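Participant: Build the 3D model from these lines:
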Amino acid sequence: MSKAESYRLLVADVYELAGLSRRSSEQTAAEHGQTVARWHLMSVLSDQPYTVPAIARRLGLVRQSVQRVADELVAEGEVERSENPDHQRSPLYSLTESGRETLRKIVVDSDADRTQRLNRAGVTVAELDAARDTIRKLLAVL
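Facilitator: Numbers count the residues shown, from 1 in each chain. Take a look at the predicted model:
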């Protein structure tokens, strides 16, 4: 098999893995009344406040979709808006204590689920690290 063919098969497997992983993530998020989109936004805000455009850049999404999710999370009390000293028309968003607790619970449940699945697959940390190294090498040249 050629390198190009092996690469195509790897990419197909990565897409399939990403799709399956997303579906199981949706299930975990739903158990906490959330969606993966909300989970991702809360994860971005876990380390510091960001504007909607900055969140969109970090997630690789359009600003409008991030704004909609941010507004929903504000309405539910998981995220709060505050003035941005650097830009009057682009407020900062940050997690509330409720949002931090929701995110913590989702991550704990997700980690437990992933660990169980990885154990069933017999995958080691070294194998995961090697796969990640390979993918990062490919990302660097693409």
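Participant: nearest residue to the residue nearest the centre of the chain other than its sequence neighbours?
Facilitator: Per Cα atoms, centre = their mean, the C-alpha nearest to the average position across the chain is that of His40, at 3.9 Å. Leaving aside its chain neighbours, His40 sits nearest to Leu59 (5.7 Å; criterion: Cβ to Cβ, 6 or more residues apart in numbering). The way it works is simple: take the backbone N, C-alpha and C, and place the C-beta from them, glycine included.
Participant: Which helix or strand contains the residue nearest to the centre of the chain?
Facilitator: helix 36-44 (DSSP states H and E).
Participant: For the following helix or strand past that helix, C-alpha coordinates in PDB please.
Facilitator: Next along the chain after helix 36-44, taking DSSP H and E as the criterion, comes helix 52-59. What follows is helix 52-59, C-alpha atoms only, in PDB (Å, rounded to 0.1, in the frame of the first residue of the first chain):
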ATOM      1  CA  VAL A  52     -17.700  36.200  21.000                       C
ATOM      2  CA  PRO A  53     -15.400  36.800  18.000                       C
ATOM      3  CA  ALA A  54     -12.500  35.400  20.000                       C
ATOM      4  CA  ILE A  55     -14.500  32.300  21.000                       C
ATOM      5  CA  ALA A  56     -15.500  31.900  17.300                       C
ATOM      6  CA  ARG A  57     -11.900  32.000  16.200                       C
ATOM      7  CA  ARG A  58     -10.800  29.500  18.800                       C
ATOM      8  CA  LEU A  59     -13.600  27.100  17.800                       C
END
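Participant: coming back round to it: what residues sit buried inside the helix holding His40?
Facilitator: Val36, Ala37, Arg38, Trp39, His40, Leu41, Met42, Val44 (16 or more other Cβ atoms under 10 Å).
Participant: Kindly reformat these as TSV containing distance to Ser2.
Facilitator: Converted to TSV, those look like this (distance: Cβ to Cβ, whole Å):
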residue	distance to Ser2
Val36	36
Ala37	38
Arg38	42
Trp39	39
His40	36
Leu41	41
Met42	43
Val44	39
